[in-house]
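Q: Sequence first, then the predicted structure, then my questions.
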Amino acid sequence: MTTKPERHEPGQLLYDPGTGRVGEYRDRVGTRAMLRPVGGGLEWEADPDALRPATDRERLGATVRAVNHRTRSAPPLPPPLDEASRPPRPVPGCASCAELAERREDARDVFDRSAESDANVLLRQHQGQEHRA
C-alpha cells in the first residue's frame, strides 16, 4: 500500500532537506513545490515528497535569520540634528524675528517647503546681524 504525499497549505512553513532551508509553501508547479524564504525573497523549487513541516526550532531559526537580514539591509538612521540644522528660534521681543517666524509658519501651513527654507535663511541672517551674542 502506498501512502499519498502530505497536502501542504499555502503559508505553511516547511523544511526542505534538499537545501537545508525553511520556506513558506506557496503552491505546486507541475511536479515541484514552490517555497519562499521566511521574510520574503526569491522562491525556490523543491521536491514535494521530501518536504516536512518545520519544527519549532527550525521556524524560530528561520525567523531570526530573516529579522537579522532585514536589520542589516535597512538604511542607516539619519544623523541627529545639530543646532545648525534646526530651524532658528525667534528672539523674544524682536518684531523682525516674529515676522520672519510667522512667514515660516504660513509656508508650513501650505506645505511650501521652499518658502519655509527661505524664511529660515532670512531669520538666521537677521539673527547673525542683529542679535550676535
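A: All right, it came through fine. Numbers count the residues shown, from 1 in each chain.
Q: Now do the end-to-end distance for stretch 73-91.
A: 43 Å (CA to CA, to the nearest Å).
Q: Check what contacts it and list those residues.
A: 97-98, 100-101, 104, 120, 123-124, 127, 131 (CB atoms under 8 Å, 6 or more residues apart in numbering). All C-beta atoms are positioned from the backbone trio N, CA, C, and that covers glycine.
Q: Could you rerun that using 6 Å?
A: Stretch 73-91 is contacted from outside by 97-98, 101, 120, 123-124, 131, using CB atoms under 6 Å, 6 or more residues apart in numbering.
Q: I'd like the residues you listed laid out as JSON lines, including neighbour count and secondary structure.
A: JSON lines is the format used below for these (neighbours: other CB atoms under 10 Å; DSSP: H, G, I helix; E, B strand; the rest coil):
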{"residue": "Cys97", "neighbour count": "19", "secondary structure": "helix"}
{"residue": "Ala98", "neighbour count": "13", "secondary structure": "helix"}
{"residue": "Ala101", "neighbour count": "19", "secondary structure": "helix"}
{"residue": "Asn120", "neighbour count": "18", "secondary structure": "helix"}
{"residue": "Leu123", "neighbour count": "22", "secondary structure": "helix"}
{"residue": "Arg124", "neighbour count": "14", "secondary structure": "helix"}
{"residue": "His131", "neighbour count": "12", "secondary structure": "coil"}
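Q: from those residues, which single one is nearest Thr19?
A: Asn120 (55.2 Å; CB to CB).
Q: count of residues packed around the residue lying closest to the closest one once chain neighbours are set aside?
A: Distances taken as CB to CB, 6 or more residues apart in numbering put Pro87 closest to Asn120, at 5.4 Å, once the chain neighbours are dropped. Pro87 has 15 neighbours, counted by other CB atoms under 10 Å.
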